[in-house]
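Student: A structural model of the following input is requested.
(one chain, ligands or ions: 1)
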Amino acid sequence: MGNVHYKGIVIREVNTGEADKIVTVLTAEEGKISVAAKNARRPKNSLGGGTQLLCFSDYMLFKGKELYNMSCCEVIEPNYEIRNDIYKLTYSSHILDLISDNVQEGEPSEDILKLLLNTLYVISKTDRSLELITRVFELRLMALLGYEPQVSGCINCNSIQDENMYFDLDNSGIVCKECVNPNGRVIPLLPGTVKALKYIMKISPQKLFSFTLSQESVKELGIIAKGYIKEHLGKEYNKLDYLKQLM
Ligand SMILES: [Zn+2]
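Tutor: Numbering: from 1, shown residues only. Modelled structure (predicted):
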């Protein structure tokens, strides 16, 4: 049982024993891993920083019988701006729930880790719309999980216009006015929403968040993402509804 040297983000933390913690870390090499951090909750313990939720760190780990054990860690990005803002924190918790439920243990997850790092960076360091950032994350995550919707053109006739298109939840893609099934589960789309969907699915990770969108289109992306996630992941994620009570 040797040591490994991984970088990762803490996506879940549980207190155990008198002063210990078990954290779930998303890594490129093995997807989700569980790591015991002994004494991490003692004041001034060297594992304290790197075992905080949302923290991106460099870890030295050794494999025990069931879990990894943390021998040391060096914090790269604490993302503390998120923990100090109830809105940023709630959106980020929703994002971590999606990752935690749907990324497997032992499965290399380099692209998903990059997506999470990029997303948390934009949430942490900018004042961009949290709703838009989250919708972009959700849709791109669905693609990385193997559920990429077909949005380059109408799923039936391939026509590529942005006007008069619908999102078809039954067939996981966009469909034109001529081909749409009026009795299906379809969402009419503004041209801006169609453009955004195409952008989110095709653009390089570095440019993923480099666009703006009207509030109406952000709303449409929200309806699509919610329906699409429920359809493919079999679960509704309602944590963000809590924010409506605060607004
Ligand atoms: Zn068509």
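
Student: wouldn't residue 33 be in contact with residue 68 here?
Tutor: Yes - if you go by Cβ atoms under 8 Å, residue 33 and residue 68 touch, sitting 5.7 Å apart. C-beta here means a position set from N, CA and C on the backbone, and glycine is covered the same way.

Student: who touches both of those two?
Tutor: residue 61 (Cβ atoms under 8 Å, 6 or more residues apart in numbering).

Student: Among these two, which residue is more densely surrounded?
Tutor: Using other Cβ atoms under 10 Å as the criterion, residue 33 and residue 68 rank with residue 68 on top: 24 against 21.

Student: Can you tell me what sits against the host helix or strand of residue 232?
Tutor: Assigned by DSSP states H and E, residue 232 belongs to helix 215-233. With contact meaning Cβ under 8 Å, 6+ apart, helix 215-233 is reached by 98, 101-102, 129, 131-132, 135-136, 138-139, 142, 145, 147, 149, 167, 169, 172, 185, 187, 189-190, 192-193, 196-197, 213, 235-237.

Student: which parts of it are buried?
Tutor: Buried residues in helix 215-233, counted by 16 or more other Cβ atoms under 10 Å: 217, 218, 220, 221, 222, 224, 225, 226, 228, 229, 232, 233.

Student: Now do the same contact list for the residue most central in space within the chain.
Tutor: In the chain, the residue lying closest to the centroid (Cα atoms, centre = their mean) is residue 95, at 4.3 Å. Contact partners of residue 95, counting by Cβ under 8 Å, 6+ apart, are 116, 119, 120, 134, 137.
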